[in-house]
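A.B. asks: what follows is a predicted structure for the sequence shown.
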Amino acid sequence: LFRSLENIKNASENITYFINDLRCMSNPVKTETELKEIIEASVSMCRKKIEEAGAEIKELKIKDAVIYTDKIKVQCALINIIFNALDAGAEHLYISADKKSIIIKNDGEEIAEENRSRIFEENFTTKKTGSGLGLAFCREQLRNAGADINLVSSDKNETVFEISF
């Protein structure tokens, strides 16, 4: 019985990820949205993978703000960054936000200097099972919605991404 319930739970989580991926591909729909709502929903969708990786969100600082954006596109980008951080071995994630941007820091493996200028290129990946579409797709979708995503820095201590509005 326990195994059956676990299988149902895993299947429902996979369906949730699939539906979110489909939503990410839709045309931009900008609305006024609470920034906190976007971030909390994104973190909630990543919670299982965060726990499985033995990682944790060490800091979540979100200033109260209403922003005008496509919340689904921002969620997709945020989820992609979190998943990439976990794939890079991050144990700690730090997220802060205000009405102008979301900053995501992690202590995962450094992005090699020669790869930093290419991480948003379509079909570029350093992962064995990666497609090279995640960050390229996120950037394109965010730009279509009037936002952007950039790598701020990466060194042996931390990698920092910014989603700006």
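C.D. replies: Cool, the structure landed. Residues are numbered from 1 along each chain as shown.

A.B. asks: bridging residues for Asn106?
C.D. replies: Leu93, Thr159 (DSSP bridges).

A.B. asks: gap between it and Glu32?
C.D. replies: 29 Å (CB to CB, to the nearest Å). (Glycine included, C-beta is placed from N, CA and C.)

A.B. asks: do the same with Ala65
C.D. replies: As defined by CB to CB, Ala65 lies at a distance of 10 Å from Glu32.

A.B. asks: look at these two and report which has more neighbours.
C.D. replies: Higher neighbour count among Ala65 and Glu32: Ala65, with 14 against 9, using other CB atoms under 10 Å.

A.B. asks: for the more buried one, give me the pLDDT.
C.D. replies: Ala65 carries a pLDDT value of 93.

A.B. asks: would you indicate which residues of the host helix or strand of Met45 are buried?
C.D. replies: Taking DSSP states H and E as the criterion, Met45 maps to helix 35-52. For helix 35-52, burial by neighbour count (16 or more other CB atoms under 10 Å) applies to Leu35, Ile38, Ile39, Ala41, Ser42, Val43, Met45, Cys46, Lys49, Ile50.

A.B. asks: so where's the protein shaky on pLDDT?
C.D. replies: 9-26, 127-133 (pLDDT under 70).

A.B. asks: please redo it, this time with the cut-off set to 50
C.D. replies: By pLDDT under 50, the chain has no low-scoring segment.

A.B. asks: what about the helices in it?
C.D. replies: For the chain, the helices defined by DSSP state H occupy 2-24, 35-52, 71-87, 113-116, 134-144.

A.B. asks: keeping just the C-alphas, turn the shortest one into PDB.
C.D. replies: The reference is to helix 113-116. Output of helix 113-116 as PDB, limited to C-alpha atoms (Å, rounded to 0.1, in the frame of the first residue of the first chain):
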ATOM      1  CA  GLU A 113      35.000  30.800 -17.000                       C
ATOM      2  CA  GLU A 114      35.100  29.600 -20.600                       C
ATOM      3  CA  ASN A 115      31.400  28.500 -20.400                       C
ATOM      4  CA  ARG A 116      30.000  31.700 -18.800                       C
END
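
A.B. asks: now what about it, what contacts it?
C.D. replies: With CB atoms under 8 Å, 6 or more residues apart in numbering as the test, helix 113-116 has contacts from Phe124, Thr126, Leu151, Ser154.

A.B. asks: could you redo the last one with a cut-off of 7 Å?
C.D. replies: With contacts defined as CB atoms under 7 Å, 6 or more residues apart in numbering, helix 113-116 is touched by Thr126, Leu151, Ser154.
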